[in-house]
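**Student:** Build the 3D model from these lines:
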Amino acid sequence: MTTETQSRAVQAADVLDTAAEHLLEVGHHKGYLYDEGQAEEGIALSRCRVDAVGAILAAAYGKPRYPSTAPAVNLTDVALAALTEKVGAPPVAWNDAAERTLDEVFDALAGAAARLRESA
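**Tutor:** Next comes the predicted model:
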């Protein structure tokens with residue numbers, strides 16, 4: 001691995017760790033990146049419940065939405081790929097499964113971060 005690749009992997013791991021913490025702070029949501037009902041009530045997007053992908057976006061960009069312009073190095077792509085590998089399914093479908101719990105999503109985000117760090 002090159003230094004650049006290592007750096008991106010570690011940075012993406014940091015995003016995943018921050019996403020896990022954010023999920024614990026705001027709560028788990030299913031069906032969309034964030035709880036649209038909370039947003040309609042006037043709760044700031046950064047404080048609305050999130051799904052796994054929304055947590056990653058909030059960690060990377062400050063709110064659970066994709067940015068209007070793509071960053072030069074898209075760490076969310078690296079983070080999402082690591083989460084996909086960890087859970088063995090697309091994160092959206094995995095997150096929205098009826099049996100999925102906040103603890104499982106937290107563990108998957110943290111576990112994906114640990115795997116990235118080990119590979120760096």
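
**Student:** Kindly state the pLDDT recorded for the residue most central in space within the chain?
**Tutor:** For the chain, the residue nearest the mean C-alpha position is residue 56 (2.3 Å; C-alpha atoms, centre = their mean). Reported pLDDT at residue 56 in the predicted model: 97.

**Student:** And the one 3 residues further on, by the same measure?
**Tutor:** The model reports residue 59 with a pLDDT of 96.

**Student:** one step back: which residues does the residue nearest to the centre of the chain contact?
**Tutor:** 15-16, 19, 76, 79-80, 83, 109 (C-beta atoms under 8 Å, 6 or more residues apart in numbering). Quick note: C-beta positions are derived from backbone N, CA and C, even for glycine.

**Student:** Which of the residues you listed fall in helices?
**Tutor:** Residues of these located in helices (DSSP state H): 15-16, 19, 76, 79-80, 83, 109.

**Student:** quick one: which of those has the most company?
**Tutor:** Ranked by the number of neighbours (other C-beta atoms under 10 Å), those place residue 16 first, at 33 neighbours.

**Student:** okay, the contacts of residue 56 in a markdown table with pLDDT next?
**Tutor:** What follows is the contacts of residue 56, written out as a markdown table (pLDDT from 0 to 100):
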| residue | pLDDT |
| --- | --- |
| 15 | 97 |
| 16 | 98 |
| 19 | 98 |
| 76 | 94 |
| 79 | 97 |
| 80 | 97 |
| 83 | 98 |
| 109 | 98 |
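
**Student:** quick revisit: secondary structure class for the residue nearest to the centre of the chain?
**Tutor:** helix (DSSP: H, G, I helix; E, B strand; the rest coil).

**Student:** Report the contact partners of the nearest residue to it once chain neighbours are set aside.
**Tutor:** In space, and not counting its chain neighbours, residue 56 is closest to residue 19: 4.6 Å by C-beta to C-beta, 6 or more residues apart in numbering. Residue 19 sits next to 52, 55-56, 58-60, 79, 109 when contact means C-beta under 8 Å, 6+ apart.

**Student:** closest to residue 27 among these?
**Tutor:** The nearest member of these to residue 27, counting by C-beta to C-beta, is residue 55 at 10.2 Å.
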